[in-house]
Every structure is written in structure tokens, then in C-alpha cells.
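Enquirer: predicted model and sequence follow; I will ask about them next.
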Amino acid sequence: MEVFGREHAAVDRKVREIEAELEELRRRRVEAYAEWWNAREDRDRSLHIARRLRRRLERARRRGADVHLAPERPADVPFDRPIDRPVDRTVDRPVDGYG
């Protein structure tokens, strides 16, 4: 009987360990889903804002406003670094169309 008691205790301990691991995996799954959802929401919000700004620029252009966009950022320039912009040294300011 004592052997069965030890085996039962060992199996019970193993079940508790597996249940704890399952709990941890479920928590990580929920966190991963929340991160994915937040990234998706951020992307959708950014696209929405960009679309609104494009429409606003188009309306301003149709009304005859002199609206210039900055040049597109080259694909190889990271967003944390500024774009090198040409400078007109005669007037000491950026060239039209750049900033």
C-alpha cells in the first residue's frame, strides 16, 4: 500500500506541475494575442490618419493652395535618422519642397 501511496503522490505532483505549466502557457497566449491586437489597432489607426491627411491635402490642392509634400523617405533610411535635405547656401534655408 505504501508503494501505491508514493506513486499516487508522484503522479499528483506531476499533474500539479503540468497544470502550472499549462496556466503559464495560457497566460502567454493571451499576452501574445493582446500584443498582436494592439499592433493591428496601431496600424489601422495610422492608415486611417494617413488617409485623412491625404484627402485633406487633395482638397487643399483642388482649392488652389500651394501645398508641397516632403519627399518620400528612402527605404534604406531608418525612421530614427533625419533625411539629408539639400540646402540653398545663398539664402541659408532648405530648398523648396524639402521641409
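Expert: Alright, I've got the coordinates.

Enquirer: quick one: the helices in this structure?
Expert: 2-62 (DSSP state H).

Enquirer: flag the shaky bits of it, pLDDT-wise.
Expert: Within the chain, the segments meeting pLDDT under 70 span 67-99.

Enquirer: mind doing that once more with 90?
Expert: 1-4, 57-99 (pLDDT under 90).

Enquirer: check the gap between Asp66 and Met1 for me.
Expert: According to CB to CB, to the nearest Å, Asp66 and Met1 sit 94 Å apart. In this view, the C-beta of every residue, glycine as well, is placed from N, C-alpha and C.

Enquirer: now Ala39
Expert: Taking CB to CB, one finds Ala39 at 57 Å from Met1.

Enquirer: likewise for Ala60?
Expert: 88 Å.

Enquirer: quick revisit: more neighbours: Asp66 and Met1, which one.
Expert: Asp66 (7 against 4; other CB atoms under 10 Å).

Enquirer: so who does the more buried one touch?
Expert: Applying CB atoms under 8 Å, 6 or more residues apart in numbering to Asp66 gives no contacts.

Enquirer: near Leu57, how many other residues are there?
Expert: Neighbours of Leu57 (other CB under 10 Å): 14.

Enquirer: what of the one 5 residues further on?
Expert: The criterion is other CB under 10 Å. On that basis, Arg62 has 8 neighbouring residues.

Enquirer: got the contact list for Asn38?
Expert: So Asn38 contacts nothing (CB under 8 Å, 6+ apart).
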